[in-house]
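Q: The following block contains a protein sequence and its predicted model.
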Amino acid sequence: MYPKDTKPKFNNLKAKKASSFHEFARSTNDAWDIDEEEDEDFLGTPAQTSSLPSGLPSSSIQNQLQNPLGDTEDRVSHLPSTGDPDLQHARKEDVNSRVVKSTSDVHLNTSSVRSTLQKQPSLPVRPIIPLVARMSDQNASGAPPMTVREKNRLDKFKQLLASPNTDLEELRKHSWSGIPREVRPITWRLLSGYLPANKERRELVLRRKREEYFGFIEQYYHSRTDEHYKDTYRQIHIDIPRTNPLIPLFQQPVVQEVFERILFIWAIRHPASGYVQGINDLVTPFFVVFLSEFVKDVENFEVAALPLDTQRNIEADSFWCMSKLLDGIQDNYTFAQPGIQNKVKALEELVSRIDEDIHNHFKRYEVEYLQFAFRWMNNLLMRELPLRCTIRLWDTYQAEAEGFSHFHLYVCSAFLIEWRKEILSMVDFQGLLMLLQNLPTIHWGNEEVGLLLAEAYRLKYMFADAPSHYKR
């Protein structure tokens, strides 16, 4: 699988198995937390980085490594998804050979807090690939002219949305196979439950909810430097530059400030969970989709050029729609993240029924599902897929009943089986783990996501109503 001169070397990789979820969480460090002393090892030359692949969980490398950000009871590593250079969709150049510094110039009231936030992580440079743009098609190869079928679908959406009372069930039915770019923002607002089906009430609801959000900003945001909240804000401030670090849009200071406000307000309004690493990813699809109402090439657009009212509306709508999403999966982020533990266990039991060969292969080489599937559940596969694919995936999740919780399990199962051949070809623990944390999806588009969803639906149809749902 690897050329002789690039085969990664591993030191003490097969770490002691975590005896509990808490032990696993404590031993896992966020992959973007790079101290200055570690920069050279982690982001050095290709020869240097081969000894420490970015896709490996830090628990497998340094089992006793402590998170420099403090308590990690409710946090586990979120590693950047990069294609294995020797697999089918290989990247053609070393992505770690150069580094850039991310910027986030947020000025705080207290100099002491400001000084702790000055340092930002070094981020690897990747080839420029349209991760967000051309969302009307979202295939990496570009958007072809609209077909007659696509035009008819768009007309059907416009007809539904123009109705005095939109038939939400009919809207879900048409959205399952993808939502046209032109109507995706309004459709997402409706399917998320943010906007009412009654057309006459929508403007009033939008105005009221946007005012309510900025009322929260006025009421609470100044408290971000208070003793009670400063750790929460500090973690958010550190995580924001790591959110889609390869897309220029998300490195703009004005955009990072928007994300900081959204996440901080959500955290203090949901004290049962507070802010947990991974929630920052869930803002991005909403922000991009609502921005696309005003901009075609969102990937490189300077958001500061938009009128202030437009910026504020995008921010408020992103907050409320993210909140609606999290309402359905909040147990993923409460203490010890029980929702994720249950979903990972369910995935293991489901895969044991769907594909016994893969399940036994993992057992043979002592690969724990938690070592790769935690991130799949915590980040809803956002670290495994390009953002353009996540947006298409979320069309279906919002159309499907309990899409972000229940149906996501079947999508993860289908996603794992997609790599069956590659998984079974790996005959060692480290090779398996490196593959599973660096699946080569960088060139995926609508076609691949459509096939993945079709397989997930088939699995749901076969297993969801079985008497012993997951268990064999």
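A: Happy to help now that I have it.
Q: Any chance you could list what contacts the helix ranked longest in the chain?
A: The helix that spans the most residues within the chain, counting by DSSP state H, is helix 199-220. In this structure, residues lying in contact with helix 199-220 by C-beta atoms under 8 Å, 6 or more residues apart in numbering are 162-166, 194-196, 261, 264-265, 268-269, 312-313, 315-317, 319-320. Backbone N, C-alpha and C define where each C-beta goes, glycine included.
Q: again, only this time at 10 Å
A: Here helix 199-220 makes contact (C-beta atoms under 10 Å, 6 or more residues apart in numbering) with 161-166, 186, 189-190, 194-196, 198, 221, 226, 229, 261-262, 264-269, 309, 312-313, 315-320, 323.
Q: Take the residues you listed and keep only those in helices.
A: When the contacts of helix 199-220 are checked against helices (DSSP H), the matches are 161-162, 186, 189-190, 261-262, 264-269, 309, 312-313, 315-320, 323.
Q: mean confidence for stretch 310-327?
A: Across stretch 310-327, pLDDT averages out at 97.
Q: Buried residues, it. List them.
A: Across stretch 310-327, burial judged by 16 or more other C-beta atoms under 10 Å covers 310-326.
Q: Model confidence score at Ser19, please.
A: For Ser19, the predicted pLDDT is 45.
Q: Thr166 reaches Pro196, doesn't it?
A: Yes: the pair Thr166 / Pro196 is scored as a contact, 8.9 Å apart, by C-beta atoms under 10 Å.
Q: And these two? Which one has more around it.
A: Ranked by neighbour count (other C-beta atoms under 10 Å), Thr166 and Pro196 place Thr166 first, with 21 against 16.
Q: Now do the contacts for the closest residue to the more buried one other than its chain neighbours.
A: In space, and not counting its chain neighbours, Thr166 is closest to Ala197: 4.6 Å by C-beta to C-beta, 6 or more residues apart in numbering. Ala197 makes contacts with Ser163, Pro164, Asn165, Thr166, Asp167, Leu168, Leu171, Leu190, as judged by C-beta under 10 Å, 6+ apart.
Q: could you measure Ala197 against Ala401, distance?
A: Relative to Ala401, Ala197 is positioned 17 Å away (criterion: C-beta to C-beta, to the nearest Å).
Q: ok, now Ser192?
A: From Ser192 to Ala401 the distance is 14 Å (C-beta to C-beta).
Q: how about low-confidence regions in the stretch 101-250 of the chain?
A: Along the stretch 101-250 of the chain, the model assigns pLDDT under 70 to residues 101-144.
Q: Looks like Val289 contacts Val283 (just checking).
A: No: assessed by C-beta under 10 Å, Val289 is found out of contact with Val283, at 11.1 Å.
Q: Give the residues shared as contacts by those two.
A: Ser318, Cys321.
Q: Quick check: what element follows the longest helix of the chain along the chain?
A: Beyond helix 199-220 on the C-terminal side, the first helix or strand identified by DSSP states H and E is helix 230-239.
Q: name the helices or strands packed onto that next one?
A: Packed against helix 230-239 by the contact rule (3 or more C-beta pairs under 10 Å, 6 or more residues apart in numbering; DSSP states H and E) you find helix 111-116, helix 253-269.
Q: now that helix against helix 253-269, angle please.
A: 140 degrees (axes from the mean of the first three to the mean of the last three C-alpha atoms, to 10 degrees).
Q: sorry, back to before: and the residue nearest to Thr166, how far is that from Trp188?
A: 14 Å.
Q: ok, now Ala267?
A: If you go by C-beta to C-beta, the gap between Ala267 and Trp188 works out to 23 Å.
Q: And for Glu299?
A: 19 Å.
Q: joint contacts of Thr166 and Pro196?
A: Joint contacts of Thr166 and Pro196 (C-beta under 10 Å, 6+ apart) are Leu190, Arg202.
Q: burial measure for the residue nearest to Leu291 when sequence neighbours are not counted, as a count.
A: Closest residue to Leu291 apart from its sequence neighbours, by C-beta to C-beta, 6+ apart: Val298 at 5.1 Å. Close neighbours of Val298, defined as other C-beta under 10 Å, add up to 21.
Q: before we move on, what about Asp297?
A: For Asp297, the count of nearby residues is 12 (other C-beta under 10 Å).
Q: Can you pull the phi/psi pair for it?
A: With angles defined as degrees, to the nearest 10, Asp297 sits at phi -90, psi 80.
Q: And the one 3 residues further on, by the same measure?
A: Taking degrees, to the nearest 10, you get phi -120, psi 10 for the backbone angles of Asn300.
Q: when you give positions from now on, start the count at 486
A: Got it, first residue is 486 now, which makes that one Asn785.
Q: Looks like Thr632 contacts Arg638 (just checking).
A: Yes: in this structure, Thr632 is within contact of Arg638 by C-beta under 10 Å, at 9.3 Å.
Q: What's the end-to-end length of stretch 645-662?
A: 16 Å (C-alpha to C-alpha, to the nearest Å).
Q: and that stretch, which residues are buried?
A: Residues Leu645, Thr651, Leu653, Leu656, Arg657, His659, Ser660, Trp661 are the ones in stretch 645-662 that count as buried (16+ other C-beta under 10 Å).
Q: Could you tell me which residues make contact with the closest residue in space to the fourth one that isn't next to it in sequence?
A: By that I understand Leu656. Counting by C-beta to C-beta, 6+ apart, Leu645 is the residue found nearest to Leu656 once chain neighbours are left out, at 5.3 Å. Contacts for Leu645 (C-beta under 10 Å, 6+ apart) come out as Thr651, Asp652, Leu653, Glu655, Leu656, Lys658, His659, Ser660, Val668, Thr672, Leu675.
Q: swap in Leu680?
A: 651, 671-674, 686-688, 690-691, 694, 802, 805-806.
Q: ok, now with 7 Å
A: Arg674, Arg687, Val690 (C-beta atoms under 7 Å, 6 or more residues apart in numbering).
Q: Can you tell me how far the second one is from Val633?
A: Using C-beta to C-beta, one obtains 30 Å as the distance from Arg687 to Val633.
Q: what does the last one give?
A: As for Val690, its distance to Val633 is 35 Å (criterion: C-beta to C-beta).
Q: So the two - more neighbours on which side?
A: Val690 (15 against 7).
Q: who has more neighbours, Thr632 and Arg638?
A: More neighbours surround Arg638 than the other of Thr632 and Arg638, with 18 against 9 (other C-beta under 10 Å).
Q: Can you tell me, leaving aside adjacent residues, what's nearest to that one?
A: Using C-beta to C-beta, 6+ apart, the nearest residue to Arg638 is Pro665, at 6.3 Å.
Q: same check, this time on Ser660
A: Ala884 (4.0 Å).
Q: Might one say that the one you found is in contact with His659?
A: No: between Ala884 and His659 there is no contact under C-beta atoms under 7 Å: 8.1 Å.
Q: Hmm, Glu800 is touching Val743, no?
A: Yes: at 4.9 Å, Glu800 counts as touching Val743 under the criterion of C-beta under 7 Å.
Q: what's the overlap in contacts for these two?
A: Between them, Glu800 and Val743 share no contacting residue, judged by C-beta under 7 Å, 6+ apart.
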